[in-house]
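Asker: I'd like to go over a predicted model; first the sequence, then the structure.
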Amino acid sequence: MLLLATLAHALADAPEGAGPDLADPAVREATQLDVLDALLDAGMAEQALEMVSEMRKAGSFGVRLDVAQARAMHMRGLATDATELLLGVVKKHPREASAWSQLGVVYADGGKLDEAETALRRAAKLAPGNADIQNNLGFVLLSARENEAAIDAFRAALKIDPASRRTRNNLGFALVRLDRYDEALEAFRAANAEPDARYNFGVACESAGDRAGAITSYQAAVSAQPGHPQAAAALTRLLQEY
């Protein structure tokens, strides 16, 4: 069975006596959920759904399993099923931040930005120390062109997790939208080496409609790293369009 094989693989390298006591049902289920999360983090949605099915047949249930199942459904393109499952979870467990957070992600990917913002704000209120929720809220606000609010959310995320490269890059995009170029470049540089910082800055300029700024930044990226593939390709494309 997939579940047993996955657990065996996860424990194969553990020192003798160091693994969890799988004879304890609670420990076994917690270990299974950890493996399930690892499958989802690796993008293995189909395998995760198979594992969920096996766990349910064995009698497992609970919010964490429901959220993992919804996440796997979403990854497999089953957004309607994922939404229905999550709406049922938050109706029964209105204080479960993880369910509200995943619901916000599903809504956002479906273009339902108002619903996504509502769900993520609820999640953020329930779990104020969760940087991922704040970052996702910021991304939704950025998508909705609520740039100042997005910046606030990204900065809140960075207070929790200052090392997050993803959040610093998102912050850079939001700052470019408001023509705060010096701050934006500082955010990109805090997350990337100079060539990639310049490339990301160029992408942000281009997405904001500043083609001249994008060209200048792509040129800076190529100067900092000759042959930078993404920057060189973007620069060639923009110069041909002029």
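Answerer: Yep, it's here.
Asker: mean confidence score for the lengthiest helix in the chain?
Answerer: Across the chain, the longest stretch assigned as helix under DSSP state H is helix 25-41. Across helix 25-41, pLDDT averages out at 88.
Asker: now for it, which elements pack on it?
Answerer: Here helix 25-41 touches helix 2-11, helix 45-57, helix 63-75, going by 3 or more C-beta pairs under 8 Å, 6 or more residues apart in numbering; DSSP states H and E. (C-beta placed from N, C-alpha, C; glycine too.)
Asker: now do that helix and helix 45-57, the angle between them.
Answerer: 160 degrees (axes from the mean of the first three to the mean of the last three C-alpha atoms, to 10 degrees).
Asker: so for helix 25-41, what gets flagged as buried?
Answerer: Within helix 25-41, the residues scored as buried using 16 or more other C-beta atoms under 10 Å are 28-29, 31-33, 35-36, 39-40.
Asker: now residue 143, nearest residue through space, not along the chain?
Answerer: In this structure, residue 143 finds its nearest non-sequential neighbour in residue 113, 5.9 Å apart by C-beta to C-beta, 6 or more residues apart in numbering.
Asker: residues contacting the one you found?
Answerer: By C-beta atoms under 8 Å, 6 or more residues apart in numbering, the residues touching residue 113 are 107, 140, 143-144.
Asker: what are the buried residues along stretch 52-72?
Answerer: 52, 54-55, 60, 64-72.
Asker: oh, I was asking about stretch 224-242
Answerer: Buried-residue list, stretch 224-242, by 16+ other C-beta under 10 Å: 224-225, 228, 230-232, 234-235, 238.
Asker: and the contacts of that stretch?
Answerer: When contacts are defined by C-beta under 8 Å, 6+ apart, stretch 224-242 is touched by residues 194-195, 198-199, 202-203, 206, 211, 214-215, 218-219, 221-222.
Asker: go on, stretch 152-171?
Answerer: Applying C-beta under 8 Å, 6+ apart, the contact partners of stretch 152-171 are 129-132, 134-135, 137-139, 141-142, 150-151, 174, 184, 187-188, 190-192, 200.
Asker: do stretch 210-220 as well
Answerer: Residues from elsewhere that reach stretch 210-220 (C-beta under 8 Å, 6+ apart): 176, 181, 198-199, 201-203, 205-206, 231-232, 234-235, 238-239, 242.
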